[in-house]
Structure formats: C-alpha cells, structure tokens
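**Q** sequence first, then the predicted structure:
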Protein chains: 2
Amino acid sequence: MTLDTNDIDTRAIRPESVSAWTHDADVVVVGLGGAGTSATLEAVRAGAKTIALERQTRGGGTSAVSTGAVYFGGGTRVQKDCGFEDSVEEMTKAVRMAAGAQADDEKVEAFAAGSVEHFNWMVDLGVEFKSSFVEGKTTHPFEDDCLFFSGNELCHGFREGTTPAPRGHKVARPGEAGGFLMEPMLQAAEKSGAEIINDCRVERLIQRDDGRVVGVVAVHDGRTCFIKARRGVVLAAGGFVMNERMLAEHAPSLLKCNWKAASAGDDGLGIRVGLGAGALASNMSEGLVLNAYYPPSDHCKGIMVNSQGQRFINEDTYLGRTGDAILQRCDGRAWLIVDDELYGRTQAFHKLAAVEETFADLEKALGFPEGELVHTVETYNRWAARGQDPFFHKSADYLRPLSVPPYAAVDCTIEGSIFAVFTLGGLAIRATGQVLNPDRQVIPGLYAAGRNSAGLCLEGRTYASGLSIGDATFFGRVAGRHVAALEPWE
Amino acid sequence: MTLDTNDIDTRAIRPESVSAWTHDADVVVVGLGGAGTSATLEAVRAGAKTIALERQTRGGGTSAVSTGAVYFGGGTRVQKDCGFEDSVEEMTKAVRMAAGAQADDEKVEAFAAGSVEHFNWMVDLGVEFKSSFVEGKTTHPFEDDCLFFSGNELCHGFREGTTPAPRGHKVARPGEAGGFLMEPMLQAAEKSGAEIINDCRVERLIQRDDGRVVGVVAVHDGRTCFIKARRGVVLAAGGFVMNERMLAEHAPSLLKCNWKAASAGDDGLGIRVGLGAGALASNMSEGLVLNAYYPPSDHCKGIMVNSQGQRFINEDTYLGRTGDAILQRCDGRAWLIVDDELYGRTQAFHKLAAVEETFADLEKALGFPEGELVHTVETYNRWAARGQDPFFHKSADYLRPLSVPPYAAVDCTIEGSIFAVFTLGGLAIRATGQVLNPDRQVIPGLYAAGRNSAGLCLEGRTYASGLSIGDATFFGRVAGRHVAALEPWE
C-alpha cells in the first residue's frame, strides 16, 4: 500500500475535537528508526509509559538500510584496542568542523562528551563492534572490521585543526550492516515494555490552544486512533529526500541526485506534522551528496577535473565534500582521471567515459577545451613528483605523477554515475530535542530527533560517515530522557 | 526606536481572545513598499474598505531605496520608441529562464502577459519613464535614461533560447531613483481612500480555528490594535536579509555578504507572522548576490579568476550570476584581471589587489599557484584574438586579448569588495497571491506579495534587475484584486 502523503492534512487538531482517546501513554514516539528506537529505550528506562508508532511493518528505518557506521570517539574500546588516542577535546574540535559553519556548540559538546558512554550503551544492547581498523579511503569497511577514518579528518582544512583520529565505527558484519545495528536495538525496544504499534502512520498532532502538544492522530488498520501523550511526543520519522515536492520547495539542487540514501518513510511527513503544530523548519536546503569514486584508495591518486579539464578539489577529501563540489560548483560535471596502474586496481562500479593513450587524446574524447587537461596534468605531475599540491593540498600519500598509459576518465557526472543523497534539514531543535517555533520558543511537549530534525551536522560538505546515525541515536536518547521527565499535563 | 523583532511572539491568536476590535476593514495590507502599495491601490479600486499598515513613518520600503528599475516587456511604449521588438511569447521565455529551475509557469505567464498593462498602470499613476536606451553592461542607467539589458538576455545560456530584448525600465531620474518610483505610487495610495496608518507594526494574525484569517494584531503609538479584515490580509512586509538569525537558519551562505540591499523592515517579521498562522516558507536558502565589477562595460573584457588563477564564468554575465558563482563556487575569492587600456576607463569603486608589469608578477603578487594565471591569460588571449571563448562562451563583443601593461587585479573577494544581497525566499504563494500551508492548501483570507513571499524569481543566478520590483508590484496588484473579491466572513 502506498499513498502520496502530500495529500494528508497535517494541521494539528485541538483536544476538544477528540471524542475519545483510543490509547494513552506518557510518551509517544513517532518512528522506530535509529532515533525513535533510542528515544523509546530511554523513555521506558526513565519510567515513562511509552507507545512507539512505526509506519512500516517493523522498525529499523533508514538506519537499518545504511552501512551500519556510527561516529563515536573520545576513546572508545575499539579506538584504544586499535592503538588510537582520542579525547573529548579532540573529538569536540573535529565534530565542530564536521557539523558545519552553523554548528550548535551545545549539541557538539554534548555529543563529544557523551560519546564513549553512548558507544558502551549500544554495545550493552548487543550491537557488535570488532576491535579492528581498516586503512585507506573507503565508504565503509567491506568485511566485518570496525574502525576507519570516515570523514575529512586527514584532509586539508580539517587535519590542521585537530589531532586526527578515526571515529567511524562499523557494526561487525560484512557488507552494508545497518540491519545488524538496528536488530538488537529493536529487540531491546520490543522487550522494554514499550507498546510498539507497527503499520501505524501518524498524521497530525493534538495540540492545546496554548501550544502544548498532548497527543497524536494516527491511522492503524484503517482506523483513526487518538493517542494521548501525557508528557510529550518525539517525532523521529526521518527526512524528506523521498518527497520531490518538498525537495523542489526547499532543496531543488538535490533533485538532480539519482539515488536516495533513504527508506520509504523519508517523505517528510514527520516534518510536516511538526510544521502543522507551528514548528520551525530550518537548514532545509542542505543535504549529503555522495559520489563514491573510491574505494580503491588508489583512486585518490587520480585527479578530479571539471568540464574545463581543471582540478577543483583535493581528491582525498570525504566523498560528501567532493559530491557537493561536483553538484554545486561544477554543474554536476566531473571526471576522475587515472592512469593504468591506478585503474588496474579499481573495484569501483563507475563507467569509463574514455580511455586513451595520451592526455591530448583524452581531453579531445571528453570534449574539453584544447590543451587544458594536458596543462592540468603537466602541472599536477610536476608538483606531485615533489610530493606537493599547492592547489588543493592533497595529502602526500596520494600524490604521484600520472604516467602509465593508457589514461582513463572515470565518469563522475550526475548523469553518468550514482549520486546518493539524503537531507540535513528538518525541525529546529535545542540540544534537549525540544522543538522550536519560528520565534525560537519551545513548543511544549514536542521533541524531534534524527533526520526529522535539523540536527548535529548541518552541511554535507563537512560531513563524516556515521554522523547521521550517531546524531540520531545520541540525541534520540537525549529526547527520550527529556520528554520522560516533563511534567504531565494530566 | 529599534527593537529586535525576534523577541516578538508571532503566533496567530483566536478571534475569541479579541475583546474589542479597534479598527475594521475589508482588506488589511501589511507594509507599504512596492508590493503593499500596489495591493492597496487595487483593493480600493475594487471597492474594498482598505487599511494599510506601515512600520516606518511613511511607506516606500525597499523599493524606495532601490535603483528604481522595473522589469517590463512584451512591447512597452519605451521598448517601441527605442526601436526594440518584443512580444509576450519572447518575454515569457525570457522570464521563465530568469525565474530559475523551479519557476512557476502560472506566475511567469501571467507576469509576461500583463506586463504592458502593468507598465501603463504605473505610468498612469505618474511614474515617469523616458523613451531612451542605454547601451552596454551596467547596474542601471546613471542618468535619467530608461531602457537597458538588465539581466542575462545577451549572455550564453540565455541568448540562445529567446530573441533578446532589453526589459529593464528605470524611472526617469538620475542616480538611484527608487524614491521617484514610490513617491507617485504612495501619493496615489494616500489619495485613494484607503486608511493608511504609519508607525504601525503588525505582530500577529487573528485566525479562526478553521484556519480563516480574520484580522491582525498591530502596535501603534504604544497601543495594541485589533484590526478586523472582513475579506483578508495581504502580507507585504519584505524579506529577511536584515535578520541574522533567520539567515543562519535558512541561508547561512548569505551571511558572508557585507551590504544588505534592503530597508530596516526586511527583518523577516512579515514572514514569521505568516508562519505563525501555519504558512509554508519555501525557497528560503536563495538570495540575489551582487558584486558590481561593472560598469564600465569594458570590465567585461577582463577575465574573472578564482584563487587558482582560473576563469570560472563568462564575464559579461549578469552581476547576480557572477556574484553567486564567486560566493557559492569560489569560496568568495575572485579577482577581475584587466589591462591598462581597460582599467584606464573604469569608474568602479573596487580596490586594486595588485598592479604589475607582467602576468607572472601579478600571479605571484596574488599568491596564485605559479604559472596558472600566465596559462589562463595565454589561452584566453589566443582564443580572444579569434573572437572565441570555448570555455564560457562570452559574447564576441567582450573578447580581445589582454596585452597593454601594466596589468591589474580588481579585488572581487568577499572580504575586499562590496557584496550586496537580498533574499528570494518567503511564504509560498499561488499565482493569485494566496498563501499556502505545508500541505499546499490555501490559508483562507491570507495573501502575500513581494519579498515577503517566494515569488516570481527563485534564483539569484538567473535573476535580472527589475524583477523583484516587477514581481512585487505586479503580484501585489493581483493579490489586492483577489482579496477584495473574497467573500467576507462577516
């Protein structure tokens, strides 16, 4: 059953129009992905009678279809076992950079200070992280290994500000392991004493005239339910990348990306439900845009060029930073230029746009202006031979002249390759998870977490893998604790 | 008296909480800039009892501090007198491109089809436009001349899609002439029979529980007024570029711009008042960003380069397109490179970043990577000598080799030059001016126009001068007519 949720009336209703409550709880959690499951577990632990509502047949959300990488640091068991030093101070600096120019210091500091405890909490729930480290540039460890540099930690513009440490922690299963992250968490929620109602879509909030949120209207088994939330409601129903209308309204450039890093629930309904109660949506134009031109790490020894045959970025940067640059700065037109030695080792599934014996032929084949790619490579090679990149300061590890023909152009255009995307905007929240209205006042009884909110990381160009699930689970817990401690209105 | 309007509670109140109405009208217009004055005039003409509320001591708004250029076409008296052919069809095509990728066809078509009538309406009010044309690239005619190519009409990516025609019409006064645009319009409004209340700040809407907007709460002379709007309310209170908090929430990149093309009222209060009644704000991240490196037109014969010494745009493009590229694509770092012949004629108030006898010395002085500017100029000159620009397709009119030393770099960085900015996001409206909620349903009785709304043009990179006032005055009139025809709720 699918439904265009854009047709749903999401305006909050008044409690006076509720003829009879069908369910009642202290806390109602909307959505059982990483954020909602975490909120549920903490609300229950704090003694709140909790009902969690999931639109799909079972929870998991987008976290369950992710790679299963979570951003932790400050000295986790895995970091220590693998011989990496980290501290709350260094992690705070790194997360502040990763969160973007508008980073909320309160969120950044809480996230870093609580990260080791958060890691241990997840492990105690049964999520497995192996004490192993994977070197090099990758989207995520492909086997059951754990630790990796998941962002820009080692790259120019970031490495100078901190002592780099790897903080991507992937769940101990091969391949995309998000399911193995969410399964133990879901099972814990199912056993927690929370009432979980699947196949249940929340469409509106119930809100008193003074602004207090007191419940939700949901549809379950074709029946409309009025669910009382004596303490409050946590919206954790995901982002809006699956909603083309909302993308057009708020983030039109993301419409060009051809692969949604999302699940069906990321259609923005949770955001609209919040707006329907007077919430502020902020940061709505931002998203994470990924074009996975590595692994292999060796691809970072190639050069990324635009349609003028010019470099525009340090190629060893995080994929979200490159993806953003290709989309926003290069009109979605870029190619990775490699020589035969680099390409011979690739595992990438990108198409080749051209292969030629000389750079002159390659630039002709790609339709670049005459002489430009030749000039770019000559200059790059001259500096790379000295281990320097005065243009974009790529790490010396990835600097070597391109000199083994034939030369290939890996198609990184938005038409010819996979651009994954999810949204980083949503309901404006405080570090407590409390939702704000456009006057920056708290809407009493309303919380949000995960991609339903404008959370920890606000820019794709500074993002690191694992931050979204890190944010969702960490601040989902914060919201669950805070709402459980709220004075009941009844 | 100034007040941080961010502290104002903008949530709509219910009519039940109004103890006594202090004023009553059919139509209430909020803000007397270009949009609100136009709405007022049309509402009165349609027979509605109209009250117009202005925050400042007198109306005019941002239109009054503008250059006084309005985008008209389709065959205005001025276009004809100056020998230019134009048609509704050609104007529609041009406006569609200028409005950006998410252009609303209904708005585009209405605006083009009604443009000659709109021009005549303004002339009938007493606004003067001289039948004279100014050639070349300029921000606006500096004397009392009228017609100019105010956007990308003659530039690559735009000229191919239409028969170019000049559509910027400046009011017949020297210098920045926005005051001479607004003065006759304001006088007409003052004589129209509308009740105009100055020094009156609207803070909240009055809205029934079913969503119908029935009035406004305003503060005048320190007294709270409850002003009944039997038919509806038009929000025409400007954009939000003067509000740093809102910029940070929605359009953080615009925070870097150092000159607000705005008046004090553009603090987003009108947008927040709409949000307080459940409206949708859309396109909030977009703005017009201008760095006026021309006039003189000859500056377009220079080359604009980034911090790598590389070109990135056709230099004859509209200033808003270049400004966007410098800010969003080049991290705010760009320089216009000219030779002595070009610079000798400049009237620009930009600083020179460096002057040298050779390009090799110039690139060194600017800290560019060695050899890059030299290469860029060599390549550019070679093609320019043939009248071609295979890189960015600058018009042949502006192609000639840079060859007369000394060579200068005009500072176009965001730190070293003036970047003017205003916002292009606001309340989502239909082509009627009716405000939409996040479900895309009309909020009955609520209208918006001008920069209070997400209007006709949604992208700075496609914008043309005169479009914002064109939009505000045209769709302000549309809103005034539509609201006046609405069934009164009482």
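**A** Now that the structure is in, tell me what you want to look at.
**Q** so the closest residue to chain B within the stretch 1-150 of chain A, which state does it fall into?
**A** Residue nearest to chain B within the stretch 1-150 of chain A (Cβ to the nearest Cβ): A:Gln102, separated by 5.0 Å. Every C-beta, even on glycine, is put in place using the N, C-alpha and C of the backbone. Three-state call for A:Gln102 (DSSP: H, G, I helix; E, B strand; the rest coil): coil.
**Q** and it, what pLDDT?
**A** Predicted confidence (pLDDT) at A:Gln102: the value is 96.
**Q** my read: it touches A:Asn283, true?
**A** Yes. With contact taken as Cβ atoms under 8 Å, A:Gln102 and A:Asn283 are classed as touching, separated by 7.3 Å.
**Q** what's the overlap in contacts for those two?
**A** A:Leu458 (Cβ atoms under 8 Å, 6 or more residues apart in numbering or on different chains).
**Q** these two: which has the busier surroundings?
**A** Using other Cβ atoms under 10 Å in any protein chain shown as the criterion, A:Gln102 and A:Asn283 rank with A:Asn283 on top: 28 against 16.
**Q** the strand ranked longest in chain A - what's its average pLDDT?
**A** Secondary structure assigned by DSSP state E gives strand A:223-235 as the longest strand of chain A. For strand A:223-235, mean pLDDT rounds to 98.
**Q** likewise stretch A:135-142?
**A** 93.
**Q** that stretch: how far from the chain's middle?
**A** Distance, stretch centre to chain centre, for stretch A:135-142: 17 Å (Cα atoms, centre = their mean, to the nearest Å).
**Q** so how far is the first residue of it from its last?
**A** 12 Å (Cα to Cα, to the nearest Å).
**Q** what of stretch A:205-217?
**A** Termini of stretch A:205-217 sit 6 Å apart (Cα to Cα).
**Q** give me the buried positions along it.
**A** Under the neighbour-count criterion of 16 or more other Cβ atoms under 10 Å in any protein chain shown, stretch A:205-217 has A:205-207, A:211-217 buried.
**Q** so who does A:Phe149 touch?
**A** Contacts of A:Phe149 by Cβ under 8 Å, 6+ apart are A:137, A:164, A:166-168.
**Q** which residue, other than its chain neighbours, is closest to whichever residue of chain A sits closest to chain B?
**A** Residue of chain A nearest chain B, by Cβ to the nearest Cβ: A:Ser285 (3.4 Å). Closest residue in space to A:Ser285, ignoring its immediate chain neighbours: B:Ser285 at 3.4 Å, by Cβ to Cβ, 6 or more residues apart in numbering or on different chains.
**Q** got it, and A:Thr413?
**A** Here the residue nearest A:Thr413, using Cβ to Cβ, 6+ apart, is A:Arg333, at 5.3 Å.
**Q** ok, A:Asn306 - contacts?
**A** A:Asn306 sits in contact with A:312, A:329-330, A:333-334, where contact means Cβ under 8 Å, 6+ apart.
**Q** specify which member of these is nearest to A:Pro444.
**A** For the contacts of A:Asn306, the residue nearest A:Pro444 by Cβ to Cβ is A:Arg329; the value is 42.7 Å.
**Q** show me the contacts for the closest one.
**A** A:Arg329 touches A:306, A:312, B:328-329, counting by Cβ under 8 Å, 6+ apart.
**Q** farthest-separated two in those?
**A** A:Asn306 and B:Gln328 (14.6 Å).
**Q** picking that back up, burial check on the residue nearest to A:Thr413, number of neighbours?
**A** A:Arg333: 17 neighbours (other Cβ under 10 Å).
**Q** thinking it is in contact with A:Gly416, fair?
**A** No. Checked against Cβ under 8 Å, the pair A:Arg333 and A:Gly416 is beyond contact range at 9.6 Å.
**Q** does the residue nearest to A:Ser285 lie in a helix or a strand, and which?
**A** B:Ser285 belongs to no helix or strand when elements are defined using DSSP states H and E.
**Q** could you double-check that it lies in contact with B:Ala248?
**A** No. Using Cβ under 8 Å, B:Ser285 is not in contact with B:Ala248; the gap is 11.6 Å.
**Q** so A:Met246 sits in a helix?
**A** Yes. Under three-state DSSP, A:Met246 sits within a helix.
**Q** what score does it have for pLDDT?
**A** pLDDT, read off for A:Met246, is 98.
**Q** check contacts around it.
**A** A:Met246 touches A:240, A:267-268, A:271, counting by Cβ under 8 Å, 6+ apart.
**Q** go through these and name the one nearest B:Ala69.
**A** Nearest member of those to B:Ala69, counting by Cβ to Cβ, is A:Phe240, at 37.2 Å.
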